[in-house]
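# For reference, the sequence and a predicted model appear below.
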Amino acid sequence: MYNPPDPTSYNALVWEIVKQIPEGIVSTYGQIASMIPPPEDVDPDQYARLSPRWVGTAMNATPSGEGIPWQRVINSQGKISLPKGSSGADEQHGLLEMEGVEFNSQGRVDFEIVGWEGPSEDWLTMHHLLPPRSLKRRSEPPATQPSLF
DNA sequence: CGTTTGACTACGC
DNA sequence: CGCGTAGCCAAAC
């Protein structure tokens, strides 16, 4: 994968966003990446493909003791991404269950129930970020969006 | 100094 | 549901 233009500031931004995830709620690498605007000199498509991995890299470098709820970031399949059986995966699973997040028999959470909707519009605007893409992949998307005008 | 390997994701079988 | 693939950088081996 290739790395973000400025890994240091990118990581800090990722952690800042992760801090906004409420207890008992989870987000995904891709959803967090979708809030961070692509640099102007980067192809949007390429950015969309690679940025989730940058978020993963940022999470891997999460500093401890700064109140960053790293456990609330899982993959798009609703599963924990840390190596299965590793102490890290066990810890993440435990912390989430502690918050009331439930896993089914296949080790997956239900985004319909615990999926994050993202920070408030105000917070996003304040930080120059984009609205996150929804975690719920509905087989039946809203065909007709009520006109706002 | 050449290879391997990433806390990812969407998509096809 | 599980497995393989592309993406194509850079740090760790």
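Cool, the structure landed.
# use CA for all of it now, contacts and neighbours both
Noted.
# In chain A, which residue sits closest to DNA strand C?
A:Tyr2 (2.6 Å; CA to the nearest atom of the strand).
# okay, now that residue: neighbour count?
By other CA atoms under 10 Å, 9 other residues sit near A:Tyr2.
# Over to A:Gln106?
8.
# quick check, it in a strand?
No: read with DSSP: H, G, I helix; E, B strand; the rest coil, A:Gln106 is coil and lies in no strand.
# Just checking, which helix or strand succeeds the one helix or strand A:Ser34 maps to along the chain?
Secondary structure assigned from DSSP states H and E places A:Ser34 in helix A:29-35. Downstream of helix A:29-35, the first helix or strand assigned by DSSP H and E is helix A:44-60.
# Check whether that following helix comes near DNA strand C.
Yes: remark: helix A:44-60 sits within contact range of DNA strand C at A:Gln46, A:Arg49, A:Leu50, A:Arg53, by CA under 7 Å from any atom of the strand.
# Quick check, pLDDT for the first one.
According to the prediction, A:Gln46 has pLDDT 83.
# Show me where chain A dips below the pLDDT cut-off.
A:1, A:137-149 (pLDDT under 70).
# picking that back up, how about the residues of helix A:44-60 next to DNA strand C, which pair is most distant?
Using CA to CA, the pair of the residues of helix A:44-60 next to DNA strand C lying farthest apart is A:Gln46 and A:Arg53, separated by 11.9 Å.
# of those two, who's got more company?
Neighbours per residue (other CA under 10 Å) separate A:Gln46 from A:Arg53, with A:Arg53 holding more: 18 against 10.
# That one against A:Tyr29, yeah?
Yes: judged on CA atoms under 8 Å, A:Arg53 makes contact with A:Tyr29 at a distance of 7.3 Å.
# just to revisit the earlier point, which one is the residue of chain A closest to DNA strand C nearest to, not counting chain neighbours?
Spatially, and ignoring its direct neighbours in sequence, A:Tyr2 is nearest to A:Leu50 (7.2 Å; CA to CA, 6 or more residues apart in numbering).
# ok, back up a step: the residue of chain A closest to DNA strand C against A:Pro52, yeah?
No: A:Tyr2 sits out of contact with A:Pro52 when judged by CA under 8 Å, with a separation of 11.1 Å.
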